[in-house]
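S.K.: Build me a model from this:
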Amino acid sequence: MRRRNAALAALVLSLSLSLSLSMPAVAKPPCYQPVEIRAMQFRQLQVELMVAALKCRAVDPSFHDKYSGYIGKVGPALATNAQQLRAMFTRLGKGAAQLDRFMTDLSNEASMRSIHMEDYCERQDQLFATVLAMKPHEIEAFAAETVEKPYSPAACQQPAPSRQVKQVKAKDKAVPKIETKTGAKG
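M.R.: Numbering: from 1, shown residues only. All right, here's what the predicted structure looks like:
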(Lines give C-alpha, C1' and ligand atoms only; values in the text may rest on other atoms or scores of the structure.)
Protein backbone atom coordinates (compact mmCIF):
# COMPACT_ATOMS: atom_id res chain seq x y z
CA MET A 1 0.00 0.00 0.00
CA ARG A 2 2.84 2.35 0.83
CA ARG A 3 4.42 1.64 -2.53
CA ARG A 4 1.17 2.46 -4.25
CA ASN A 5 0.79 5.78 -2.37
CA ALA A 6 4.40 6.67 -3.12
CA ALA A 7 3.91 5.88 -6.81
CA LEU A 8 0.69 7.91 -6.87
CA ALA A 9 2.41 10.84 -5.15
CA ALA A 10 5.28 10.64 -7.64
CA LEU A 11 2.81 10.61 -10.52
CA VAL A 12 0.91 13.63 -9.17
CA LEU A 13 4.20 15.48 -8.62
CA SER A 14 5.46 14.72 -12.13
CA LEU A 15 2.10 15.76 -13.67
CA SER A 16 2.06 19.04 -11.80
CA LEU A 17 5.66 19.74 -12.78
CA SER A 18 4.98 18.96 -16.43
CA LEU A 19 1.85 21.13 -16.40
CA SER A 20 3.67 24.04 -14.84
CA LEU A 21 6.49 23.73 -17.35
CA SER A 22 4.15 23.47 -20.33
CA MET A 23 1.91 26.38 -19.33
CA PRO A 24 3.06 29.75 -20.64
CA ALA A 25 4.33 32.11 -18.00
CA VAL A 26 2.44 35.34 -17.64
CA ALA A 27 4.88 37.85 -19.04
CA LYS A 28 5.31 41.22 -17.44
CA PRO A 29 4.46 43.87 -20.02
CA PRO A 30 7.55 45.68 -21.28
CA CYS A 31 8.40 49.09 -20.01
CA TYR A 32 10.02 51.85 -21.99
CA GLN A 33 12.51 54.53 -21.11
CA PRO A 34 11.44 58.12 -21.90
CA VAL A 35 13.98 58.30 -24.73
CA GLU A 36 12.48 55.11 -26.21
CA ILE A 37 8.95 56.51 -26.07
CA ARG A 38 10.15 59.66 -27.86
CA ALA A 39 11.92 57.49 -30.45
CA MET A 40 8.70 55.60 -31.15
CA GLN A 41 6.77 58.86 -31.48
CA PHE A 42 9.36 60.38 -33.83
CA ARG A 43 9.27 57.27 -36.00
CA GLN A 44 5.48 57.28 -36.01
CA LEU A 45 5.52 60.85 -37.32
CA GLN A 46 7.93 59.83 -40.10
CA VAL A 47 5.70 56.90 -41.08
CA GLU A 48 2.62 59.13 -41.02
CA LEU A 49 4.30 61.55 -43.44
CA MET A 50 5.52 58.70 -45.65
CA VAL A 51 2.00 57.29 -45.97
CA ALA A 52 0.65 60.78 -46.68
CA ALA A 53 3.20 61.27 -49.46
CA LEU A 54 2.18 57.97 -51.04
CA LYS A 55 -1.56 58.41 -50.58
CA CYS A 56 -1.82 62.08 -51.57
CA ARG A 57 0.62 62.31 -54.48
CA ALA A 58 -2.19 61.51 -56.93
CA VAL A 59 -4.15 64.51 -55.61
CA ASP A 60 -1.10 66.76 -55.30
CA PRO A 61 2.23 65.67 -56.83
CA SER A 62 4.10 68.09 -54.53
CA PHE A 63 3.64 65.63 -51.63
CA HIS A 64 6.58 63.62 -52.98
CA ASP A 65 8.83 66.70 -52.86
CA LYS A 66 7.55 67.63 -49.40
CA TYR A 67 8.40 64.18 -48.07
CA SER A 68 11.82 64.31 -49.72
CA GLY A 69 12.40 67.70 -48.09
CA TYR A 70 11.39 66.28 -44.72
CA ILE A 71 13.75 63.31 -45.08
CA GLY A 72 16.57 65.63 -46.14
CA LYS A 73 15.96 67.75 -43.06
CA VAL A 74 15.76 64.94 -40.48
CA GLY A 75 17.99 62.32 -42.12
CA PRO A 76 20.66 62.27 -39.36
CA ALA A 77 17.96 62.29 -36.68
CA LEU A 78 16.26 59.33 -38.38
CA ALA A 79 19.55 57.41 -38.39
CA THR A 80 19.92 58.01 -34.65
CA ASN A 81 16.27 57.10 -34.20
CA ALA A 82 16.81 53.78 -35.98
CA GLN A 83 19.70 53.00 -33.60
CA GLN A 84 17.53 53.85 -30.59
CA LEU A 85 14.73 51.60 -31.80
CA ARG A 86 17.11 48.71 -32.54
CA ALA A 87 18.64 49.10 -29.08
CA MET A 88 15.18 49.17 -27.47
CA PHE A 89 14.01 46.01 -29.20
CA THR A 90 17.31 44.32 -28.36
CA ARG A 91 16.97 45.36 -24.70
CA LEU A 92 13.47 43.91 -24.66
CA GLY A 93 14.77 40.65 -26.14
CA LYS A 94 12.66 41.10 -29.27
CA GLY A 95 15.28 41.74 -31.93
CA ALA A 96 15.03 42.82 -35.54
CA ALA A 97 11.91 40.77 -36.34
CA GLN A 98 9.87 42.64 -33.73
CA LEU A 99 11.26 45.98 -34.94
CA ASP A 100 10.11 45.09 -38.44
CA ARG A 101 6.69 44.18 -37.10
CA PHE A 102 6.54 47.48 -35.21
CA MET A 103 7.31 49.40 -38.40
CA THR A 104 4.74 47.40 -40.37
CA ASP A 105 2.10 48.02 -37.70
CA LEU A 106 2.80 51.76 -37.76
CA SER A 107 2.48 51.79 -41.56
CA ASN A 108 -0.73 49.78 -41.53
CA GLU A 109 -2.30 52.00 -38.87
CA ALA A 110 -1.34 55.16 -40.78
CA SER A 111 -2.74 53.68 -43.96
CA MET A 112 -6.03 52.85 -42.26
CA ARG A 113 -6.26 56.42 -40.95
CA SER A 114 -5.70 57.71 -44.47
CA ILE A 115 -8.68 55.71 -45.70
CA HIS A 116 -11.06 56.73 -42.94
CA MET A 117 -10.08 60.34 -42.23
CA GLU A 118 -12.11 62.98 -43.96
CA ASP A 119 -9.97 65.65 -45.67
CA TYR A 120 -6.89 63.48 -45.09
CA CYS A 121 -4.67 65.06 -47.72
CA GLU A 122 -5.54 68.61 -46.67
CA ARG A 123 -4.72 67.79 -43.04
CA GLN A 124 -1.47 66.11 -44.01
CA ASP A 125 -0.55 69.09 -46.17
CA GLN A 126 -0.89 71.26 -43.05
CA LEU A 127 1.24 68.78 -41.12
CA PHE A 128 3.94 68.96 -43.79
CA ALA A 129 3.85 72.77 -43.68
CA THR A 130 4.26 72.68 -39.92
CA VAL A 131 7.20 70.26 -39.76
CA LEU A 132 9.00 71.69 -42.77
CA ALA A 133 9.07 75.08 -41.05
CA MET A 134 10.84 73.56 -38.01
CA LYS A 135 14.42 72.71 -37.22
CA PRO A 136 15.18 68.96 -36.79
CA HIS A 137 15.34 69.11 -32.98
CA GLU A 138 12.03 70.99 -32.96
CA ILE A 139 10.45 68.23 -35.05
CA GLU A 140 11.49 65.63 -32.49
CA ALA A 141 9.97 67.72 -29.70
CA PHE A 142 6.84 68.28 -31.81
CA ALA A 143 6.46 64.52 -32.29
CA ALA A 144 6.82 63.94 -28.54
CA GLU A 145 4.13 66.53 -27.81
CA THR A 146 1.63 65.69 -30.53
CA VAL A 147 1.99 62.06 -31.58
CA GLU A 148 -0.01 59.57 -29.58
CA LYS A 149 2.16 56.96 -27.93
CA PRO A 150 2.16 53.80 -30.00
CA TYR A 151 1.02 50.62 -28.28
CA SER A 152 0.29 52.62 -25.11
CA PRO A 153 3.80 51.98 -23.83
CA ALA A 154 4.28 51.94 -20.09
CA ALA A 155 7.15 53.97 -18.73
CA CYS A 156 9.67 52.09 -16.63
CA GLN A 157 9.45 52.76 -12.92
CA GLN A 158 12.36 54.78 -11.70
CA PRO A 159 13.86 53.33 -8.54
CA ALA A 160 13.04 55.27 -5.42
CA PRO A 161 15.98 57.19 -4.00
CA SER A 162 17.82 55.19 -1.39
CA ARG A 163 17.27 56.44 2.11
CA GLN A 164 19.48 56.22 5.10
CA VAL A 165 18.14 56.26 8.61
CA LYS A 166 20.02 58.66 10.83
CA GLN A 167 19.98 57.80 14.49
CA VAL A 168 18.98 60.55 16.89
CA LYS A 169 20.03 60.66 20.50
CA ALA A 170 17.41 59.46 22.97
CA LYS A 171 17.50 62.71 24.95
CA ASP A 172 16.21 64.60 21.86
CA LYS A 173 13.01 62.53 22.07
CA ALA A 174 12.64 62.83 18.32
CA VAL A 175 11.83 60.19 15.76
CA PRO A 176 14.61 59.03 13.45
CA LYS A 177 15.22 61.33 10.50
CA ILE A 178 15.44 59.95 6.99
CA GLU A 179 18.00 61.33 4.57
CA THR A 180 18.07 60.82 0.81
CA LYS A 181 21.33 60.63 -1.09
CA THR A 182 21.08 64.34 -1.77
CA GLY A 183 21.23 64.96 1.94
CA ALA A 184 17.71 66.40 2.24
CA LYS A 185 16.09 65.53 5.52
CA GLY A 186 12.51 64.35 5.69
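S.K.: All the strands of this protein, in order from the start?
M.R.: In the chain, the strands defined using DSSP state E lie at 31-32, 154-155, 163-166, 177-180.
S.K.: and the residue nearest to Arg38 when sequence neighbours are not counted, what is it in contact with?
M.R.: Leaving aside its sequence neighbours, Arg38 sits nearest to Ala144 (C-beta to C-beta, 6 or more residues apart in numbering; 4.8 Å). To be clear about C-beta, it is placed using only N, CA and C from the backbone, and glycine gets the same treatment. Going by C-beta atoms under 8 Å, 6 or more residues apart in numbering, Ala144 touches 37-38, 41-42.
S.K.: what ranges of the chain fall below the confidence cut-off?
M.R.: Along the chain, segments meeting pLDDT under 70 span 1-29, 149-186.
S.K.: ok, so what distance separates Thr80 from Ala87?
M.R.: Distance, Thr80 to Ala87, by C-beta to C-beta, to the nearest Å: 11 Å.
S.K.: For Thr90, grab the count of nearby residues.
M.R.: Thr90: 13 surrounding residues under other C-beta atoms under 10 Å.
S.K.: any idea which helix is longest in this protein?
M.R.: helix 62-91 (DSSP state H).
S.K.: picking that back up, if you rank the contacts of Ala144 by neighbours, which is first?
M.R.: Most surrounded of the contacts of Ala144: other C-beta under 10 Å gives Phe42, at 24 neighbours.
S.K.: Report the separation between that one and Ala77.
M.R.: Distance from Phe42 to Ala77, by C-beta to C-beta: 7 Å.
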